[in-house]
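**Q** Okay, structure incoming, though there's no sequence with it:
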């Protein structure tokens, strides 16, 4: 009887890793649940968004209620480096969520079974179709100075001269463009970023290991034709440099919005935590 009463009283709470602090406000605005407290919510149901470091690991192990770990990408790479934490996390009875097959296979290699559930923390219902085809398409990607190689900035510089008809917009860092069709925007507000990208034709995601990128979500929901190294439904999958160049050249032929992609991803991303 006591256990039954405790189960009825359990509420759903969220814990966001300090390593993804920039997403914290969006996550709480998106799901409208209270923040986990290490004493008051120890026996409640908790979704841990990202477990990147020892503080995150200890919180997951300390928690005694039902728990879900939402893996973000970089945290999986971090876990691969430590067999000790792998062992402890595997022993913890919890539900694991990741965002694509690349992440799922990596977790499985460590003995962790997970379900694929891509997420977007922006207000996707407010995003309208803005796509207009162009003979000289504009594409955009985000990057960070300290990890620009993994974001494929060097690839953009390599291919830009081969594709003078395509303009590449890079957000999140500054740089010295070697070609006239590369534009560095630096760090801009989320509002300004959303305003600018609605006039482009595709998001470009070149990360070999990645969660489901927010820029891909926004791009496809706006009716654009996003290009990604990781395969997703209704997005152009590229596996090498030749297929990337071909996909970029083909953008000028995309004259109408990606209606099927928008419908699919609006439904796919309209999930609620339980």
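**A** Nice, I can see it. Bear in mind the structure is a predicted one, so any value in this text is a computation, not a measurement.
**Q** Please identify the helix or strand for residue 87.
**A** Under the criterion of DSSP states H and E, residue 87 resides in helix 83-91.
**Q** Against residue 271, how distant is residue 46?
**A** When distance is defined by C-beta to C-beta, to the nearest Å, residue 46 is 17 Å away from residue 271. Glycine gets a C-beta too; all of them are placed from N, C-alpha and C.
**Q** The two: which has the busier surroundings?
**A** A count of neighbours by other C-beta atoms under 10 Å puts residue 46 above the other of residue 46 and residue 271, at 26 against 12.
**Q** Quick check: mean pLDDT of the strand or helix carrying that one?
**A** Element membership of residue 46, judged by DSSP H and E, is strand 45-49. Per-residue pLDDT over strand 45-49 has a mean of 97.
**Q** re earlier: what's the helix holding residue 87 packed up against?
**A** Based on contacts counted as 3 or more C-beta pairs under 8 Å, 6 or more residues apart in numbering; DSSP states H and E, the elements that helix 83-91 packs against are helix 54-62, helix 74-80.
**Q** For this protein, just list every one of the strands.
**A** For the chain, applying DSSP state E gives strands covering 12-16, 45-49, 67-70, 95-98, 115-116, 138-142, 167-171, 182-186, 202-205, 227-228, 236-237.
**Q** Which one of the helices and strands packed on helix 83-91 lies nearest to residue 153?
**A** helix 74-80 (17.6 Å; C-beta to C-beta).
**Q** Sort out which residues of that closest one are buried, please.
**A** Across helix 74-80, burial judged by 16 or more other C-beta atoms under 10 Å covers 74-76, 78-79.
**Q** before we move on, what about stretch 131-140?
**A** Within stretch 131-140, the residues that count as buried by 16+ other C-beta under 10 Å are 131, 134, 137-140.
**Q** Show residues contacting it.
**A** If you take C-beta atoms under 8 Å, 6 or more residues apart in numbering as the criterion, stretch 131-140 is touched by 165-171, 196-197, 199-204, 215, 222-225, 227, 248, 251-252, 254-258.
**Q** Also stretch 233-249?
**A** Outside stretch 233-249, the residues that reach it (C-beta under 8 Å, 6+ apart) are 137, 139, 155, 158-159, 162-163, 166, 202, 206, 216, 220, 225-231, 250, 258, 260-261, 264-265, 268.
**Q** from those residues, which ones fall inside helices?
**A** Among the contacts of stretch 233-249, the residues falling in helices (DSSP state H) are 155, 158-159, 216, 220, 250, 260-261, 264-265, 268.
**Q** The strand holding residue 46 pairs with which strands, and in what direction?
**A** Under the criterion DSSP bridges, strand 45-49 sits next to strand 12-16 (parallel), strand 67-70 (parallel) in its sheet.
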